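Asks: Next one to model:
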Amino acid sequence: MTITIDDVVAKIEADIIFGFYYPRERLVEEQLITTTQAKRHVVRSALKELELRGLVTREPNKGAMVKALSETEIDQVYEMRALLQGAVVDKMPNPFSSEYIEKLSDVHEKYSKAINQGNIVAVDHFNTEFHKILYSACSNKFLTDDIERYSLKVRVIRSHAIADPELLEKSCYEHSCMIEAIKNNDKERLKKLCVDHLWGALEAYRTRNALKGL
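Replies: The predicted structure follows:
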């Protein structure tokens, strides 16, 4: 079987976001070739793609390593995310369509099921899908593009909530509250829920790094 660039990207990305690699940890080509069974040029292309996605940084004579943001950068990114997620709700329709509510509810059910099954890969997938559908109601594409752009900058941080069962349950409950607010056309409550929803993963990330002395 031929190992493609997409295969290697998916493998390394999963290892990063689920904590098998830590911020500033080197990604050694020889080890990646062994673990992925891919050709060297495929691994190198995968690392370039991961750099574009904001998960990897490459430096001359040092090679690739897992990207780490400074505390100031993290604070600034989350400040931007809070502002954008509040603004995106303002640009949503009122009332919401029944088709939109049905799509969001369907993904939420799959997310809940994945949590109950302990399938963290599916949890991550359906969580991403939930938010993509949630913000798709916004009429300003530039806003939704920026939501995704800033979200990708902290992909590693967001994944830390997946490792905490209590935070997962909290996240699931908050998703259900968002759907309820949408059904009630309560945009002010939805706005507060979307902004407050950000902080759990960040707190989990900082707690975990403090315990590891990072």
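
Asks: Where do the helices of the protein begin and end?
Replies: Using DSSP state H, the helices of the chain run over residues 5-17, 29-36, 40-52, 71-90, 98-117, 120-135, 141-153, 155-159, 165-183, 187-196, 199-212.

Asks: Tell me which of the ones you listed sits most buried.
Replies: helix 155-159 (a mean of 22; mean count of other CB atoms under 10 Å). For the C-beta atoms, the positions are set from N, CA and C on the backbone; glycine is no exception.

Asks: Apart from its neighbours in sequence, what residue is nearest residue 182?
Replies: Spatially, and ignoring its direct neighbours in sequence, residue 182 is nearest to residue 96 (5.0 Å; CB to CB, 6 or more residues apart in numbering).

Asks: Residue 134 too?
Replies: Spatial nearest neighbour of residue 134, chain neighbours left out: residue 104 (6.3 Å); criterion: CB to CB, 6+ apart.

Asks: Equivalent analysis for residue 36, please.
Replies: Nearest non-adjacent residue to residue 36, counting by CB to CB, 6+ apart: residue 8, 4.9 Å away.

Asks: same question, residue 154
Replies: Once flanking residues are discounted, residue 154 sits nearest to residue 77: 5.5 Å by CB to CB, 6+ apart.

Asks: What pLDDT is listed against the one you found?
Replies: Residue 77 is assigned 94 on the pLDDT scale.

Asks: Let me see the contact set for residue 48.
Replies: If you count contacts by CB atoms under 8 Å, 6 or more residues apart in numbering, residue 48 has them with residue 58.

Asks: Go ahead and confirm residue 23 touches residue 71.
Replies: No: using CB atoms under 8 Å, residue 23 makes no contact with residue 71, being 11.7 Å away.

Asks: Just give the number of residues close to the closest residue to residue 24 other than its chain neighbours.
Replies: Closest residue in space to residue 24, ignoring its immediate chain neighbours: residue 68 at 4.8 Å, by CB to CB, 6+ apart. By other CB atoms under 10 Å, the residues close to residue 68 number 15.

Asks: Thank you, goodbye.
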